[in-house]
Every structure is written in structure tokens, then in C-alpha cells.
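[1] Make a model of this:
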Amino acid sequence: MKEICAIIRRDKVPETKAVLEEVGLPSVSIQSVEGRGRQRGDVACQLQDMDQDGQICNALHVPLRPTPSEYALEHTLPKVALFVPKRMLTAIVPDESVEAVIEAIIRINQTGQFGDGKIFISAIEEGRRIRTGELGEEAVA
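    Sure, this is the predicted structure:
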């Protein structure tokens, strides 16, 4: 068994839950988290103008709505304190399903922009269902 932990954009949660159910993974835990990666807390998007042929002719870097931690900018906290709100999905998956689940998460969440997220995979030694005392894969299914 493996634990898959995916940190994704908030607006991608409904699509991600739907695709995980399609690949046979209805059980998932979701948490609200804040963090930062290479973008160092910068939240921005690219606005692009297209010409008649569909070619990008102008790109503009536009800041998005401030994150909750941007309060730090106005209150003596340094910029390094900025964090971006995300969602963390955690699921315990049988070994044979790991690649299908990872591919599904990437397919839905990959935009090619900073902030698409991360996926972490860890080995799980044992799982136990509290109600029945079942062990192993039966316990986490």
C-alpha cells in the first residue's frame, strides 16, 4: 500500500475528486493548507491576448486577489512569510493502483503554471480499521 499526498489548487478539487472516483478511488481526505514553493508566495496569472490566427501577441503579468497571509505585507512581516492557500488530498492506495491515481491527478491539475502543486508517495506498512480491527488493504478499502 502507498499513501498519496497531493497538494493542489483549490479550484481543482471538484474535478480531482471526480477523476479519482472514476479510477476507483472513492476514499480521500481533504485538508485546507497554506504553503509556498518556487513562486515564493507570489500569486499571479498571465493574461494573454490572441491575434486572429490564435497566436499570443501580448502577455501581461497580473497579480490576483491577495491571499490571507498577504496581511503580512502591511504589518511588518517580511514577504517570505507569504503563503498560498491550497488543498491537500491524502489517499491510501493499493500498490497496483498508484500509477493510475498519480496520472489522473496530474492530468486534471497540470496547467503549466507555477503553483500546480506537488504529489508525494510514501510506503504504508500497515492499516487497521478501528471499527472491526481488520488489517491491511481490507482495512483501508
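
[2] Show me the helices in the protein, by range?
    13-22, 71-74, 98-109, 137-140 (DSSP state H).

[3] Not counting the longest strand along the chain itself, show me its contacts.
    If you go by DSSP state E, the chain has its longest strand at strand 84-93. Identification of contacts with strand 84-93 by CB atoms under 8 Å, 6 or more residues apart in numbering yields 1-10, 12-13, 16, 20, 25, 27-36, 39, 41, 43, 67-68, 101, 105, 115, 117, 124, 127, 140. C-betas here are computed from N, CA, C, even on glycine.

[4] Among these, which ones are in strands?
    Going by DSSP E, the strands hold 2-8, 29-35 from the contacts of strand 84-93.

[5] Same list, the residues you listed, but as CSV with neighbour count, distance to Gln110 and pLDDT please.
    Formatted as CSV, these follow (neighbours: other CB atoms under 10 Å; distance: CB to CB, whole Å; pLDDT from 0 to 100):
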residue, neighbour count, distance to Gln110, pLDDT
Lys2, 16, 21, 96
Glu3, 16, 21, 97
Ile4, 21, 16, 97
Cys5, 15, 17, 98
Ala6, 26, 12, 98
Ile7, 21, 13, 97
Ile8, 22, 10, 96
Ser29, 10, 22, 96
Ile30, 15, 19, 96
Gln31, 11, 21, 96
Ser32, 9, 22, 93
Val33, 12, 19, 93
Glu34, 13, 21, 88
Gly35, 15, 18, 84
